[in-house]
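Undergrad: sequence? don't have it. structure:
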């Protein structure tokens, strides 16, 4: 396992807190410290899904995302996974990762993304071996609807014998944050999250862009320019 003294030296360390029916993603700031989370500070109605104590010094530079996980390519990832309510199961199919999120427990997941999202899907879509081909059998005297997939990433939808047609995109261009545990009536909604693998340059731009946005808000709210006043 990874001792705390080694935790941020050469890997991305992230906390993922699942709930019905979302994933909350908690990043530490540049100080490498996670701010404390408290159950009594949770207020879903106001967007405080994980109960982060924003007044704590370790929290001021933290980043919290909803249903979005952004990772740097070629850098090992250590995710600590837990749940607010019932058992969920974080599912990242392209990475062969599936791990239960259990209330009251912090479960570690470790993997290394080796391709950016853009490179992965460009390679996948350019390989005819993995292109989805659709073959339609035409039974006699039968009305049917079907999709006919084209090589340009579009799909034509034919509605029965009326011959109506429209063009739409098919497939995904992001990695999916899924849940592999039947966690309630809204379980299917937990497939709406996205995971993005980006270059080191793009990750740094995003990460420190979050810091800049936080500092801008602090300056605007504090006419003395001193957040500790």
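TA: Yes, it's here. Owing to the predicted nature of the structure, the values given are computational and were not obtained by experimental measurement.
Undergrad: What's the end-to-end length of stretch 45-53?
TA: 16 Å (C-alpha to C-alpha, to the nearest Å).
Undergrad: Could you give the average pLDDT over it?
TA: Taken as a whole, stretch 45-53 carries a mean pLDDT of 93.
Undergrad: Next, the buried residues of it.
TA: Buried residues in stretch 45-53, counting neighbours by 16 or more other C-beta atoms under 10 Å, are found at 49, 50, 51, 52. All C-beta atoms are positioned from the backbone trio N, CA, C, and that covers glycine.
Undergrad: residues making contact with stretch 30-41?
TA: Among residues not part of stretch 30-41, those counted as contacts by C-beta atoms under 8 Å, 6 or more residues apart in numbering are 7-8, 13, 15, 17, 26, 28, 48, 50-54, 56, 58-62, 211.
Undergrad: redo that, cut-off 7 Å
TA: By C-beta atoms under 7 Å, 6 or more residues apart in numbering, the surrounding residues in contact with stretch 30-41 are 8, 15, 26, 28, 48, 50-53, 56, 58-59, 61-62, 211.
Undergrad: likewise stretch 13-20?
TA: 7, 23-28, 34, 49-50, 77-86, 88, 90, 101, 183-184, 186.
Undergrad: Looking at the contacts of stretch 30-41, which one is closest to residue 72?
TA: The shortest separation between residue 72 and any of the contacts of stretch 30-41 is 12.9 Å, and it belongs to residue 8 (by C-beta to C-beta).
Undergrad: Next SSE downstream of the worst-scoring helix or strand of the chain on mean pLDDT?
TA: Considering only helices and strands, the least confidently modelled element of the chain by mean pLDDT, DSSP states H and E is strand 164-169, at a mean of 40. Of the helices and strands lying after strand 164-169 in sequence (DSSP states H and E), the nearest is strand 175-179.
Undergrad: Right, I'll leave it there.
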